[in-house]
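S.K.: model this:
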Amino acid sequence: MTPTAPDSDLHSPSPWNWRRAAGLTLLTAAAVALLMPFDGVISHAARSVPLKGDLRRSLETLQQWGDFSSLVLVTAFMGLLDERRRHRLWDLWAAMGLAFLGCVVIMSLVGRPRPEAANDPWGFVLPWQTYHFANGLTTHAWDLFRHGNTQLWSMPSRHTMAAVVLSVFLVVVYPRLKPLAIIMVVVVGVTRVLLGAHYPTDVVVGALLGYLVARPFVPSQAASRLVVKKHPRETPGPG
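M.R.: Okay, here's the model as predicted:
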């Protein structure tokens with residue numbers, strides 16, 4: 001009998017197509033345009049949902065999917081349990097770093113106040129403008145060293161972006177995890193709206209950013225190939 005190939009060898013992702021990326025971006029832009037007028041209404045309704053006790057604590061934990069703590073756990077699990085593929089973790093961390101930088105740049109340029117800070121879904125702040133919050137805070141979105149400036153970092157949703165990057169990575173390396181990966185992205189996006197951290201359109205844009213970075217980058221193995229080339233002992237075999 002022919003040995004069964006590992007999951008990652010059975011379902012290799014289709015080649016990245018920049019036309020598809022452009023089409024997805026346009027589709028997302030159309031979705032954002034249609035959803036934008038209802039951002040405030042949806043956000044207000046979501047924040048009125050009573051989340052208490054274990055339910056709230058569980059959602060607050062699950063929304064960290066893709067954040068630093070979950071990346072450390074995934075790194076630990078793969079490093080200990082999957083020696084053959086652990087070199088691929090370089091692709092995960094590199095993709096997350098690129099997506100994070102892109103997210104910070106966009107948030108700094110767009111300057112949208114979070115729902116929990118100011119119920120102002122149309123209050124976008126250009127780089128040369130400041131926003132005046134009810135608590136007296138006045139800040140630019142790009143002022144990284146100003147306490148409270150992250151209140152202007154609503155769009156895009158960084159948590160959703162990170163969740164997509166991690167999910168794309170897991171689907172590429174372990175295709176059988178695809179249902180779980182998709183569910184976790186949905187949970188993160190919905191939770192961020194329920195907790196008042198983002199509007200629905202912030203979640204949509206964050207998901208697009210994460211996908212546009214991770215989908216071409218992770219399968220290319222750009223980071224892991226570079227590391228393995230310099231340090232051949234990083235991986236014991238193909239995959």
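
S.K.: hey, let's count contacts and neighbours off CA atoms from now on
M.R.: OK.

S.K.: element containing the most centrally placed residue in the chain, please.
M.R.: Centroid-nearest residue in the chain: residue 161, 1.4 Å away (criterion: CA atoms, centre = their mean). Using DSSP states H and E, residue 161 falls within helix 158-173.

S.K.: Packing partners of that helix?
M.R.: Secondary-structure packing of helix 158-173 (3 or more CA pairs under 8 Å, 6 or more residues apart in numbering; DSSP states H and E): helix 7-10, helix 89-110, helix 178-194, helix 200-220.

S.K.: Repeat the analysis, applying 10 Å as the threshold.
M.R.: Identification of packing neighbours for helix 158-173 by 3 or more CA pairs under 10 Å, 6 or more residues apart in numbering; DSSP states H and E yields helix 7-10, helix 68-81, helix 89-110, helix 178-194, helix 200-220.

S.K.: looking at the ones you listed, which is closest to residue 155?
M.R.: helix 200-220 (4.6 Å; CA to CA).

S.K.: List the buried residues in whichever helix or strand comes after that closest one.
M.R.: Downstream of helix 200-220, the next assigned helix or strand under DSSP H and E is helix 222-230. Across helix 222-230, burial judged by 16 or more other CA atoms under 10 Å covers 222-225, 227.

S.K.: Can you name every helix or strand that helix 222-230 contacts?
M.R.: Checking 3+ CA pairs under 10 Å, 6+ apart, helix 222-230 ends up next to helix 89-110, helix 200-220.

S.K.: From the chain's centroid, how far away is that helix?
M.R.: 24 Å (CA atoms, centre = their mean, to the nearest Å).

S.K.: and if you look at stretch 64-79?
M.R.: 14 Å.

S.K.: pLDDT on it, on average?
M.R.: The pLDDT scores in stretch 64-79 average 95.

S.K.: Contacts made by that stretch with the rest, please.
M.R.: Residues outside stretch 64-79 that contact it (CA atoms under 10 Å, 6 or more residues apart in numbering): 61-62, 80-90, 92-93, 96, 158-167, 170, 181, 184-185, 187-188.

S.K.: any weak-confidence spans in the chain?
M.R.: By pLDDT under 70, the low-scoring segments of the chain are 1-12, 230-239.

S.K.: at 80 what do you get?
M.R.: The model of the chain has pLDDT under 80 over residues 1-17, 229-239.

S.K.: which parts of stretch 78-90 are buried?
M.R.: 78-79, 85-90.

S.K.: Now stretch 61-80: buried residues?
M.R.: For stretch 61-80, by 16+ other CA under 10 Å, it's 62-67, 70-71, 74-75, 78-79.

S.K.: need those in a markdown table with distance to residue 116, can you?
M.R.: Shown next, in a markdown table, are those (distance: CA to CA, whole Å):
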| residue | distance to residue 116 |
| --- | --- |
| 62 | 20 |
| 63 | 17 |
| 64 | 18 |
| 65 | 21 |
| 66 | 22 |
| 67 | 21 |
| 70 | 25 |
| 71 | 27 |
| 74 | 31 |
| 75 | 33 |
| 78 | 37 |
| 79 | 39 |
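
S.K.: Mind picking the two most distant members of these?
M.R.: Longest span within these, CA to CA: 63 and 79, 23.5 Å.
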